[in-house]
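**Q** Make a model of this:
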Amino acid sequence: MSAPDIALHILKTAGSLFYRNGYHNTGINEIIKEAGIAKATLYNHFESKDAICIAYLEDRHRSFISALKAYAERREIGKPALMAIFDYLIDVYRNSAFYGCWASRIYGELPQENRKIAEVIRQQKKDLLLFLEGLVRRNFVNISKAEVEKISGGLYLLYESAMTESYVHKSDWPIYLAKNMAPSLFNGVQWAEKSPD
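**A** Here you go, the predicted structure:
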């Protein structure tokens, strides 16, 4: 395996363990054993467990935002594009081992002094809000900044709570309920029209 392939292998192995078992419960030795590598190999690529965690969070976040964007772009402009975030979550819930939000799981385990990982997670949550703001702007016309913030903030809270509660309840009903509640955020605003082909 090439060096980039080894680093990716370590990252995928560690990420799977973090997501399934928790960050605190996953030790370096477990990552080494599961990856089938020597300790020196791991430390040639990552200086610490925190460094692996940050790389994992960044990789997972990039994939997540890219997937959300693709889901929205495949839908018709307007309400379907905004509801796509919940369609994405339903598919993730059904098609993979689901333990809720990977970032929130790690954040909940962090000691207070671990500011570096906490800041990465906070920034990623802000990135999701910015993505939703852009999605709202593209799908409505003549919308004020306050309305954009209200709708995108509401979508963010519904999405985040649906992700957490579907894991807690081991059921997808929170996702469907959030999706049904979301349109109440759109009252009084004008949808953008589908652009002509």
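
**Q** C-alpha only now, for contacts and for neighbours.
**A** Noted.

**Q** Which residue is the nearest non-sequential neighbour of Asn25?
**A** Of all residues not flanking Asn25 in the chain, Phe18 sits nearest, at 7.9 Å (CA to CA, 6 or more residues apart in numbering).

**Q** pretty sure that neighbour contacts Ile28?
**A** No. In this structure, Phe18 is not within contact of Ile28 by CA atoms under 8 Å, at 11.1 Å.

**Q** who has more neighbours, these two?
**A** Phe18 (22 against 15; other CA atoms under 10 Å).

**Q** still on that earlier bit, buried ones in the strand or helix carrying the residue nearest to Asn25, by neighbour count?
**A** Secondary structure assignment for Phe18, by DSSP states H and E: helix 3-21. The neighbour-count check on helix 3-21 (16 or more other CA atoms under 10 Å) flags 6-20 as buried.

**Q** What are the boundaries of the strands in this protein?
**A** Assigned by DSSP state E, the chain shows strands spanning 140-141, 190-191.

**Q** which stretch in these is the model least sure about?
**A** When these are compared by mean pLDDT, strand 190-191 comes last with a mean of 86.

**Q** in terms of contact, does Val92 touch Phe98 like I think?
**A** Yes. Here Val92 reaches Phe98: they are 7.3 Å apart, a contact under CA under 8 Å.

**Q** what about the closest residue to Gly154 other than its chain neighbours, neighbour count?
**A** Nearest residue to Gly154, sequence neighbours excluded (CA to CA, 6+ apart): Leu185, at 7.0 Å. When neighbours are counted by other CA under 10 Å, Leu185 registers 15.

**Q** my read: Leu185 touches Ile151, true?
**A** Yes. If you go by CA under 8 Å, Leu185 and Ile151 touch, sitting 5.6 Å apart.

**Q** Can you pull the poorly scored residue ranges out of the chain?
**A** 1, 3, 194-197 (pLDDT under 70).
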